[in-house]
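> Structure of the sequence below:
(2 chains)
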Amino acid sequence: MLAGYPLLSLTIWVPILAGVLVLATGSDRNAPLARLLALIGSVAGLLVAWPLYSHFDPSTADMQFVEFASWIPAMNINYHLGVDGISMPLLLLNSFTTVLVVLAGWRVIENKVAQYMAAFLIMSGLINGVFAALDAMLFYVFFEAMLIPLFLVIGIWGGPRRVYAAIKFFLYTLMGSLLMLVALIYLYFQANGSFEILDFQALPLTMHAQLLLFMAFFLAFAVKVPMWPVHTWLPDAHVEAPTGGSVVLAAVTLKIGAYGFLRFNLPITPDASHYLTGFMVTLSLIAVVYIGLVALVQGDMKKLIAYSSISHMGFVTLGIFLFNTLGVEGAMVQMLSHGFVAAAMFLSVGVMYDRLHSRQIADYGGLANRMPVFASFLMLFSMANAGLPGTSGFVGEFMVIMAAVKVNFWYAFLAAITLILGAAYTLWMYKRVVFGEVVHASVKSMQDLVPREFFYLAVLAVLVLAMGIYPRPLTEVMHSSVANLLAHVAQSKLP
Amino acid sequence: MNFSLNDVMPMLPEIFLLAATCAILIMDLFIADERRFLTYLFSLAALGVAGAITWSTATGVTAYTMHGMFVDDLLSDTLKLILYVTVGMVLVYSRHYLHQRDMFRGEFFALVLFATLGMMVMISANHFLTLYMGLELLSLSLYALVALQRDSAIAAEAAMKYFILGALASGMLLYGMSMVYGATGNLDITRIALLLQAGVGSNLVLIFGLVFIVAGLAFKLGVVPFHMWLPDVYQGAPTAVTLFIGTATKVAAFAFVIRLLAQALQAFSGDWQQMLVIMAVLSMAVGNITAIAQTNLKRMLAYSTISHMGFLLLGILSANINGYSAAMFYMVAYVLTGLGAFGMIMLLSRKGFEADKLDDLKGLNQRNPWYAFMMLLIMFSLAGVPPTIGFYAKLSVLQAVINAGFPRLAIIAVVFSLIGAFYYLRIVRLMYFEKPHDQHAISPSLDTRMLIGANGLAMLVLGVMPQPLMAMCIYAIEQSL
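Prediction:
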């Protein structure tokens, strides 16, 4: 019954149009109207995205909700959309995150409200486009275009070193994607003038070509994930970004990198992927262990969570390059879980920052006395970040570790260290912030959660717990697509 | 010898514009200063009528006239139409600027129209002499335009430099043409192409001539190592003239390159390709790296032009239909973006204040979000970030280069565009992330306001729907070469 509706186009264009409308409200005199429109837009975006899940057919690995229109016939570029079990959950995650971001910026942002809200809405639509595009050039256009609003968000509403962070972020990601552009054009000629991702996947390629293509895609996506050693933009960008920016960065944009690996690297260059497994796993494990240690010594809460994100994303890339069902599904679950947990952690830091205007752990202490409700929420999210069983954080990590055991015991051993490290840095931070005596006078005056904050933290808490206790509704939709992907990757594409 | 109307038809737009320009020149003598607006209107009208004539006489059939000296093909019609639009926009953008600086005089309009006529002749040239004549008509008008502000020392210096180096380049070009003439005994482009294809003439002499022709071309395009004049002229000339040089002349320069390299010397493409590779890479390197160090906006855009012309050469050096049409699309996209960039500088300037320092853009988003947004689109288009038109221009050129078998060149090109992105981003940074230090209200006239809005949004609209423009370029090149 929903077959006739261009659902994917709606998930892309509803937020973008809402963003343009919000932008049209103009100056800060109309801020309440801008906020309201933004909320309506983001909720509408989530509502149109919901049928993608409820009407999804989990039994097939084919693309669903497909839309096709000729866009630039001169270069055979098409407006070709569709989702499978890998991209659909990410699309929903993004639409959901947008609502959170709008709520989180409700009172905090008072300067250029319309521009702020519009930037996030437009970005949300563009990111949906990234996940839904089946034409490589369409993908690339969305992939690049979303940099512009994020660049502005960090640069305009960020902290003191925002300009440095924004430019670093933009140039790093542009570097990766420009090489990918060359790779895509090369593939276009190999595929006899087609930019269809599915055509690329079927294309036989020599090992030499595969290795070069793999490296081009690797650079583009590794920067986005981010993998060690190209991760240095992330802590800068996170620390300087406003809360909403951090949430989108952590919850969604990092996933684009991992999604790219699943959509481009693995199926287009399977032989190179197998050949370079050791390299990818090594980088992932370095991220997991070394970055985990780096997180331990951070004094700035946002930086700590940023490093913990990199460490968690190391799990995702590790799971992807283990080439078994458990690993890839674990990576997918880890992505979604991290989307919720990291969003929740950044929102919690945002709650504290709005009251005290500090992100330094040392400036807090004894928060439990003043903000008991908030402290309970933070407890749950910290536990999820540390990967406690029963929370969503555990499921993905456990699946990946199980998958790693099958491949190599030492991979699993090193990956499992993160369970200790994660617990160490998260809980130690929690202890220093929440427990103990109130030493700083400023903490004494802190108010507990307002209803708006309670609402979004509660929603996230429910999701984190639900995913931890009963992850099946999520893994179910991705089974066929993951199985299909792995079957495809197992076949050599050498001519 | 019979002289029929059919011989004149193909060059009707040129004849009309020449007559109209002379009429405007004479009429202007009898107009009082306060009614100078009429000259402006008549100039615009002349362009409009020329456009109507070109449009209605465009048959799609290639017609030669004046014993093969002049050609009217689809490429020339398309380029001329683009040229009219560009020059028209230059005039609208310049009106207010010229008014404030006491330069709103007949000379400006007459010179611009004569330069336009020269460009039209270049576009339709099918003979080395026609080409050269058009080029000189253009160049001489430009020298005078640069020096239009009589009391400005930098303008005079810029004009002097431009004139001397321009004369040198013309000399080189003529020398190269004479070598080709010596080897083939012909100056007619079509015939030269046929003779070279048949292998007539001494290879040594031809390649010797080719080197000089390419050097002359490179000077006119402003690519490294013949770029020295460009930053000084861009910075020294009044912004209205910079706008004209920075945009309209690129249309003619493109035609110039196509007529000489792609039509006359296509048989030697293997030889000029190598020269173009070196110049393209050097231009992208020098242009993009030097631009980072600039504090003057006009000078920065000059270096940016150098790098863009290098990129355009990448399309040309593919030496096939695909590459030429990609280069043409790139040129159109660049012209449109350049119009917006220089137009914005003029819009922000006022009497006694040029707005040509990078710092003058500080905090533009706070002063006026709409103009800041337009400038943002223009800058991202120059940087080649989707969804702006600049991206598709880069895409089509890269696609042509890889297709022609130069994947390494494509990688070099994207590395330099990354470096280039840095200084375009810096402008966005100044506009959006910094506080304004200049609080003057920006109050341009209605026509400029509308035009800059259309110009900026065109970056986005053409970026979402690049197909018509792309198809037009491909069709024009396919039908004419």
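> what's the burial count for the residue in the stretch 251-400 of chain A that chain B sits nearest to?
Among the residues of the stretch 251-400 of chain A, residue A:256 lies closest to chain B, at 15.1 Å counting by CB to the nearest CB. Backbone N, C-alpha and C define where each C-beta goes, glycine included. Residue A:256 has 23 neighbours, counted by other CB atoms under 10 Å in any protein chain shown.
> That one: what's it in contact with?
A:127, A:130, A:131, A:143, A:221, A:224 (CB atoms under 8 Å, 6 or more residues apart in numbering or on different chains).
> can I assume it sits in a helix?
Yes - assessed with DSSP: H, G, I helix; E, B strand; the rest coil, residue A:256 lies in a helix.
> which of the contacts of residue A:256 come close to chain B?
The subset of the contacts of residue A:256 within reach of chain B, by CB under 8 Å from any CB of the partner chain, is empty.
> What segments of the stretch 201-350 of chain B are helices?
All helices of the stretch 201-350 of chain B, identified by DSSP state H, counting those that start in this stretch, fall at B:203-221, B:229-236, B:239-257, B:269-292, B:297-317, B:321-348.
> same check, this time on the stretch 351-481 of chain B
Under DSSP H, counting those that start in this stretch, the stretch 351-481 of chain B gives helices at B:364-367, B:369-383, B:389-403, B:407-433, B:446-464, B:467-480.
> thinking again about what came up before, between the contacts of residue A:256, which sits nearest chain B?
Among those, and counting by CB to the nearest CB, the member closest to chain B is residue A:143, at 8.5 Å.
> Next up, phi/psi of the closest one, please.
Main-chain torsions, residue A:143, degrees, to the nearest 10: phi -60, psi -40.
> Tell me if I'm right that it and residue A:174 touch.
No - at 10.6 Å, residue A:143 and residue A:174 do not qualify as touching, with contact defined as CB atoms under 8 Å.
> which ones are touching the residue in the stretch 51-200 of chain B that chain A sits nearest to?
Nearest residue of the stretch 51-200 of chain B to chain A: residue B:78, at 15.2 Å (CB to the nearest CB). By CB under 8 Å, 6+ apart, residue B:78 lies in contact with B:472, B:473, B:476.
> how about the helices of the stretch 101-250 of chain A, start to end?
Under DSSP H, counting those that start in this stretch, the stretch 101-250 of chain A gives helices at A:113-132, A:136-145, A:147-157, A:162-190, A:197-202, A:207-224, A:233-240, A:243-248.
> Can I get the contacts of residue B:78 in JSON lines including pLDDT?
Formatted as JSON lines, the contacts of residue B:78 follow (pLDDT from 0 to 100):
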{"residue": "B:472", "pLDDT": "89"}
{"residue": "B:473", "pLDDT": "89"}
{"residue": "B:476", "pLDDT": "89"}
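> Can you check the residues you listed and name whichever has the most neighbours?
The residue in the contacts of residue B:78 with the most neighbours, by other CB under 10 Å, is residue B:473 (25 neighbours).
> And it, how far from chain A?
9 Å (CB to the nearest CB, to the nearest Å).
> Was I right to think that residue contacts residue B:325?
Yes - with contacts counted by CB under 8 Å, residue B:473 reaches residue B:325, the gap being 4.7 Å.
> Pull up the residues of the stretch 151-300 of chain A that are close to chain B.
So the stretch 151-300 of chain A meets chain B at A:151-152, A:155-156, A:162-163, A:166-167, A:170-171, A:174-175, A:178-179, A:181-182, A:185-186, A:188-189 (CB under 8 Å from any CB).
> out of those residues, which are buried?
Burial by neighbour count, judged by 16 or more other CB atoms under 10 Å in any protein chain shown, picks out A:151-152, A:155-156, A:162-163, A:166-167, A:170-171, A:174-175, A:178-179, A:181-182, A:185-186, A:188 from those.
> residues of the helix or strand containing residue A:420 that come out buried?
Using DSSP states H and E, residue A:420 sits in helix A:409-434. Using 16+ other CB under 10 Å as the test for burial, helix A:409-434 gives A:411-412, A:414-416, A:418-419, A:421-427, A:429-430, A:432-434.
> swap in stretch B:390-399?
B:390, B:391, B:392, B:393, B:394, B:395, B:396, B:397, B:398, B:399.
> Show me where chain B dips below the pLDDT cut-off.
Low-confidence segments of chain B, defined by pLDDT under 70: B:1-3.
> and it, which residues reach chain A?
Counting by CB under 8 Å from any CB, the residues of chain B near chain A are B:365, B:369, B:376, B:380, B:385-387, B:391-392, B:395-396, B:398-399, B:402-403, B:407, B:410-411, B:414-415, B:417-418, B:421-422, B:425-426, B:428-429, B:432-433, B:466-467, B:470-471, B:474.
> If burial is judged by neighbour count, which of those residues pass?
Neighbour counting by 16+ other CB under 10 Å classes B:365, B:369, B:376, B:380, B:385-387, B:391-392, B:395-396, B:398-399, B:402-403, B:407, B:410-411, B:414-415, B:417-418, B:421-422, B:425-426, B:428-429, B:432-433, B:466-467, B:470, B:474 among the residues of chain B next to chain A as buried.
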